[in-house]
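Asks: Please find the sequence and the predicted model below.
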Amino acid sequence: MDITVVKIIDIVTDENEETGEVKTHKLYLPTLIYKRDVESIHPGVCKTGRLYKNVSTIKTYQGDNYTVVGNYKELNKQIKDKYRKPI
């Protein structure tokens, strides 16, 4: 089973060159992350250094980082298979 994440991209809809004001619109794109592309999963860390309970970061071999909702232990179980050691 692969992991589906939602990428949030800001698209510039209007730019005022005189004032420098930029108007953007958020675009939500569902994206698949394949199990074989996941390099590491670790919990999110807040500014004070404490770990978030249900926010994790997924890093792929291409260098992309995804911040996702979910416990890193549960995400690790989803991508684990018989050919791969646990992360």
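Replies: Nice, I can see it.
Asks: Can you check the pLDDT for the residue sitting nearest the centre point of the chain?
Replies: With distances taken as Cα atoms, centre = their mean, Tyr66 lies nearest the centre of the chain, 1.6 Å away. Tyr66 is assigned 85 on the pLDDT scale.
Asks: wouldn't it be in contact with Val5 here?
Replies: Yes. Counting by Cβ atoms under 8 Å, Tyr66 does reach Val5; the two are 5.2 Å apart. C-beta coordinates here come from the backbone N, C-alpha and C atoms, glycine included.
Asks: what touches both of these two?
Replies: Ile33, Ile58 (Cβ atoms under 8 Å, 6 or more residues apart in numbering).
Asks: Leaving out the residues flanking it, which one is nearest to Thr67?
Replies: Nearest residue to Thr67, sequence neighbours excluded (Cβ to Cβ, 6 or more residues apart in numbering): Thr57, at 5.5 Å.
Asks: what about that neighbour, helix or strand, and which?
Replies: In this assignment (DSSP states H and E), Thr57 forms part of strand 51-60.
Asks: How about that strand, which residues are buried there?
Replies: By 16 or more other Cβ atoms under 10 Å, the buried positions in strand 51-60 come out as Val55, Ser56, Thr57, Ile58, Lys59.
Asks: Leaving out the residues flanking it, which one is nearest to the first one?
Replies: Looking back up the chat, that one is Val55. Closest to Val55 by Cβ to Cβ, 6+ apart is Gly44, at 3.6 Å.
Asks: just checking, the one you found touches Tyr52?
Replies: Yes. Counting by Cβ under 8 Å, Gly44 touches Tyr52, with 4.0 Å between them.
Asks: how about the residue of the chain most remote from its centre, phi and psi?
Replies: In the chain, counting by Cα atoms, centre = their mean, Glu18 sits farthest out from the average C-alpha position, at 35.5 Å. When read as degrees, to the nearest 10, the backbone of Glu18 gives phi -70, psi -50.
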